[in-house]
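Peer 1: Sequence and predicted structure are below.
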Amino acid sequence: MQEKLNELKTRLAEWADLGRASAVLGWDQQTYMPPGGGAARAQQLALLRRLAHERFTSDALGRLLDDLSGDAASLPYDSDDASLIRITKRDYDKARKVPPKLVAEMATASAHAFQAWQKAKAASRFADFAPFLQRNLELRRELAQCLGYTDRIYDPLLDQFEPGMKTAQVEAIFANVRKEIVPLVHAIAKKANAVDDKFLHQAFAEKKQWDLGIEAVKLMGYEFERGRQDRAPHPFTTTFAVDDVRITTRFLPKFFNAAFFATMHEGGHALYNQGTRPELERTTIGGAASLGVHESQSRMWENMVGRSRAFWKYFMPHAKKVFPRQLQGVSAEKMYRAINRVQPSLIRVEADEVTYNLHIMLRFELENALLENRVAVNDLPQVWNAKMQEYLGVTPPDDAQGVLQDIHWSYGTFGYFPTYSLGNFFAAQLFDQIARDIPDLDARFERGDLRVLLDWLRANVHTHGRKFTLDELANKVTGESLQTRSFVAYLQSKFGEIYKV
Ligand code: ZN
């Protein structure tokens, strides 16, 4: 068995390196590449992805996995080797179901759709993007057929990003949360002026915003010897190796929150990737359990730390040192209230913690309706606007601020959006467990000790890499499946106090 296991690891290491090389090219594309480089870069990326796909779906790898699967049964389920075989087999079986021709068609269609989306968004004309979206949608229906499903066409698409999760489960979870959140949104709306955040909307020099963000992620434990930060229009985190995990951020010259919280958010993603155990490097079980689990890490650092009272009791003097004029006379308490202002708005990425998940629910419902032919692509803007009014009480004045705002559908990534909300819910569930395990957590934050949180996450989440599904991890770490009770209680307690509702 050992010999075969070594061969598996050698093959996976090379496959992983191809993926990491693609990541370097992708990072450069979104940070430093001049526009002229686009066409050549698309070819280079397509080649690397094809090579990686071919290696991963080879007959030889399949035979190796078949031989090893029997042996894996004798190993403990959560051991590194059993998990490596199990997860690789899971991914292999899925990848083999997708014909290379479809992979290529999806890549080409999304490259064109991305270009069309950028132009359509700039002109705020959904009709220009509609045929490309239609094509992406048809290819995803085909993908779902190839992957196979018994209940809902959305299931295999969701499974790509959140292994094991079912559409019906997400629907039930969302319905549960929605009935608690909507009354809270309405109650807060009646007290809209209870929180003043005007001082956050003024000129903040970019260089200083950069410095303050760096100070925050360093405090979180992000290591610059094993990472770096650059600018990108849509912030993201990318991993070239456990010792080279990079973050990106963006700046709004007249709004404090955008860069600061985006930096903490990406820092949270990066800590997860920097926490991969070296033994899991260059395998299928390094990296994150799922997108939902990844987002639980970023949202925890961004919201449960970055938007907490305890953190600002410590951090306010640091922020004032960098922005003495802008933050003159602003107490830690005033800052805490301001950064937590609730305001139903048009744009998902700018949404507060209370309304954020309503944006996700809307997208999840529309994706299902599109895939199941209950809504036609051409009717999407009207349906979008009606749902925005129903859920958030606002109507987009144009397509750019409505149906065209997100990049995801141009890439054809249907099934991705729910993972944002699952991450929010799981973050709260984990945080309840953390509060039980570390009773003086707030006091530690007030002293600037965030390391205590990172150590807990390293030991309980990061160490497992990609071995478990979200639900397996939830059970292992908190003793129960994913639940939304913690999240709802967190919102009601935090915002109930701020808004006295
Ligand atoms: Zn994120």
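Peer 2: Cool, the structure landed.

Peer 1: what about Thr248, which SS state?
Peer 2: Reduced to three states with DSSP: H, G, I helix; E, B strand; the rest coil, the structure at Thr248 is strand.

Peer 1: Just to check, it is in contact with Gly227?
Peer 2: No: between Thr248 and Gly227 there is no contact under CB atoms under 8 Å: 11.0 Å. The C-beta positions use only the backbone N, C-alpha and C, and glycine is treated the same way.

Peer 1: Regarding the residue lying closest to Ile339 once chain neighbours are set aside, what is its secondary structure?
Peer 2: Leaving aside its chain neighbours, Ile339 sits nearest to Arg307 (5.5 Å; criterion: CB to CB, 6 or more residues apart in numbering). Under three-state DSSP, Arg307 falls in the coil class.

Peer 1: what residues are up against Arg307?
Peer 2: Arg307 makes contact with Phe261, Tyr336, Ile339, Asn340, Glu353, according to CB atoms under 8 Å, 6 or more residues apart in numbering.

Peer 1: What of Ala232?
Peer 2: Ala232 makes contacts with Gln30, Thr31, Thr248, Thr249, Arg250, as judged by CB under 8 Å, 6+ apart.

Peer 1: next one: phi and psi at the closest residue to the third one other than its chain neighbours?
Peer 2: Read that as Thr248. With sequence-adjacent residues excluded and distances taken as CB to CB, 6+ apart, Thr248 is closest to Ala232, at 3.6 Å. The phi/psi pair for Ala232 (degrees, to the nearest 10) reads phi -150, psi 150.

Peer 1: do you know how far Ala232 is from Ala23?
Peer 2: Applying CB to CB, to the nearest Å, the value for Ala232 to Ala23 is 14 Å.

Peer 1: what's the answer for Ser486, then?
Peer 2: Distance of Ser486 to Ala23, computed by CB to CB: 33 Å.

Peer 1: the strands in the stretch 151-300 of the chain, which residues?
Peer 2: Secondary structure of the stretch 151-300 of the chain (DSSP state E, counting those that start in this stretch): strands at 229-231, 237-241, 244-249.

Peer 1: how far is the first one from where the chain is centred?
Peer 2: Between the mean C-alpha point of strand 229-231 and the mean C-alpha point of its chain there is a distance of 18 Å (CA atoms, centre = their mean, to the nearest Å).

Peer 1: what sits up against that strand?
Peer 2: Residues contacting strand 229-231 (CB under 8 Å, 6+ apart): 31-32, 210, 213-214, 217, 246-251, 263.

Peer 1: Give me the mean pLDDT for it.
Peer 2: Model confidence over strand 229-231, given as mean pLDDT, is 97.

Peer 1: now stretch 371-383
Peer 2: So the average pLDDT for stretch 371-383 ends up being 98.

Peer 1: buried stuff in it?
Peer 2: The neighbour-count check on stretch 371-383 (16 or more other CB atoms under 10 Å) flags Leu371, Val375, Val377, Leu380, Pro381, Val383 as buried.

Peer 1: Surely Ala351 is in contact with His359?
Peer 2: Yes: between Ala351 and His359 there is a contact under CB under 8 Å: 5.5 Å.

Peer 1: picking up where we left off before, closest to Pro99 out of the contacts of Ala232?
Peer 2: Taking CB to CB as the measure, Pro99 lies nearest Gln30 of the contacts of Ala232, at 29.1 Å.

Peer 1: how's the chain carved up into domains?
Peer 2: 2-125, 167-499 (automatic domain parsing).

Peer 1: Asn136 is nearest to which of those domains?
Peer 2: Using CB to CB, the domains of the chain put domain 167-499 closest to Asn136, at 3.8 Å.

Peer 1: any idea of the pLDDT on the closest residue in space to Phe199 that isn't next to it in sequence?
Peer 2: Computed as CB to CB, 6+ apart, the closest residue to Phe199 that is not its neighbour in sequence is Val330, at 5.9 Å. As summarised for this prediction, Val330 has a pLDDT of 98.

Peer 1: can you start the count at 47 instead of 1 from here on
Peer 2: Okay, using 47 as the starting number, the last item reads as Val376.

Peer 1: Now Val376, what are its backbone angles?
Peer 2: phi -90, psi 120.

Peer 1: Is it in contact with Lys244, as I believe?
Peer 2: No: the criterion here is CB under 8 Å, and Val376 misses it with Lys244 at 10.7 Å.

Peer 1: Can you report how many residues lie near Gln164?
Peer 2: Neighbours of Gln164 under the rule other CB atoms under 10 Å: 14.

Peer 1: doesn't it fall inside a strand?
Peer 2: No: going by three-state DSSP, the assignment for Gln164 is helix, not a strand.

Peer 1: got a list of what it touches?
Peer 2: Contacts of Gln164 (CB under 8 Å, 6+ apart): Ser456.

Peer 1: Distance check, it against Ala489.
Peer 2: Counting by CB to CB, the gap from Gln164 to Ala489 is 48 Å.

Peer 1: ok, the residue nearest the centre of the chain - contacts?
Peer 2: Closest residue to the average C-alpha location of the chain: Glu341 at 4.1 Å, with CA atoms, centre = their mean. Glu341 is in contact with Thr465, Tyr466, Leu468, Gly469, Asn470, Ala473, counting by CB under 8 Å, 6+ apart.

Peer 1: does the first one really touch Asp205, like I thought?
Peer 2: No: applying CB under 8 Å, one finds Thr465 not in contact with Asp205, separated by 11.2 Å.
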